[in-house]
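K.L.:
Sequence first, then the predicted structure:
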Amino acid sequence: MKKRYFNVVFAILVLCSMLLLSDKSVETMKHMFSRSKQPKEDHRLTVVIDAGHGGFDPGKVGVNGVLEKDINLAIAMHLKELLELNDLKVVMLRTTDEALHTEGVSGKKASDLKKRVQLMAEANPVLAVSIHQNSFPQESSYGAQVFYYTESEQGKEFAQIMQATLKECITDGNHRMEKPNKDYYLLKKSTCPLLIVECGFLSNHKEAKLLSTEKYQREMAWAIHMGVMRYLNTIEQ
């Protein structure tokens, strides 16, 4: 009888141990699974792309009727794709035809610019590129040109690389040089090297026609992306 009693007790102890071990195993598995589900820290470099204007603000209007805001966005989206292929984290300030001003304010343009600066600062990027188009009373003016903040040495270096790359990739005889500026709001308020890239002149019939085509928009995006990558290579060395 005693032997049978001890056998029963032993069996119960073994069963309890198995259950305890089973519970611990389950908890261990749960812990491992929960750890594997946690998002990994993103160590990629962040780049901000600003497609200038948008929404109520069309920007320049081309001689062919094309709106600057639409061309800016098209080039910016192509640029985003290219930079992401290079394992960069890209933050777009806009991806649709919208302005970034606060609804109901009287100074929509000022509000829009302030919001862009705020979003750039929050992204904490290594650099930023603002895509725009140019215009001038003389139709003969053409060619991409880069603007940087006068007091930014990093901006100047970035601009020199970008301007040279644009000339190399877009072979249109462009002799324009990168240009410092101390008045543009985005340039003054940016916390990182920021360039305003004027991709061409919408006041020039030939260039306005080119900028309206997806083929040329992609070529321009490729050139800008090359300028970004070349600059990043210099600061990572």
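P.N.:
All right, it came through fine.
K.L.:
What is the subsequent helix or strand relative to the worst-scoring helix or strand of the chain on mean pLDDT?
P.N.:
When the helices and strands of the chain are scored by mean pLDDT, DSSP states H and E, helix 2-37 comes last with a mean of 53. Next in sequence after helix 2-37, counting helices and strands by DSSP states H and E, comes strand 46-51.
K.L.:
Return the list of helices and strands in contact with that next one.
P.N.:
Judged by 3 or more C-beta pairs under 8 Å, 6 or more residues apart in numbering; DSSP states H and E, strand 46-51 is in contact with helix 68-85, strand 89-92, helix 108-123, strand 127-134. C-betas here are computed from N, CA, C, even on glycine.
K.L.:
and these as CSV, adding distance to residue 153, mean neighbour count and mean pLDDT?
P.N.:
Below are the helices and strands packed on strand 46-51 laid out as CSV (distance: least, C-beta to C-beta, whole Å; neighbours: other C-beta atoms under 10 Å; pLDDT from 0 to 100):
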stretch, distance to residue 153, mean neighbour count, mean pLDDT
helix 68-85, 24, 21, 99
strand 89-92, 24, 18, 99
helix 108-123, 19, 17, 97
strand 127-134, 14, 25, 99
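K.L.:
can you pull the contacts of residue 105?
P.N.:
Going by C-beta atoms under 8 Å, 6 or more residues apart in numbering, residue 105 touches residue 111.
K.L.:
so is it in a helix, a strand, or just coil?
P.N.:
Of the three states, residue 105 takes coil under DSSP: H, G, I helix; E, B strand; the rest coil.
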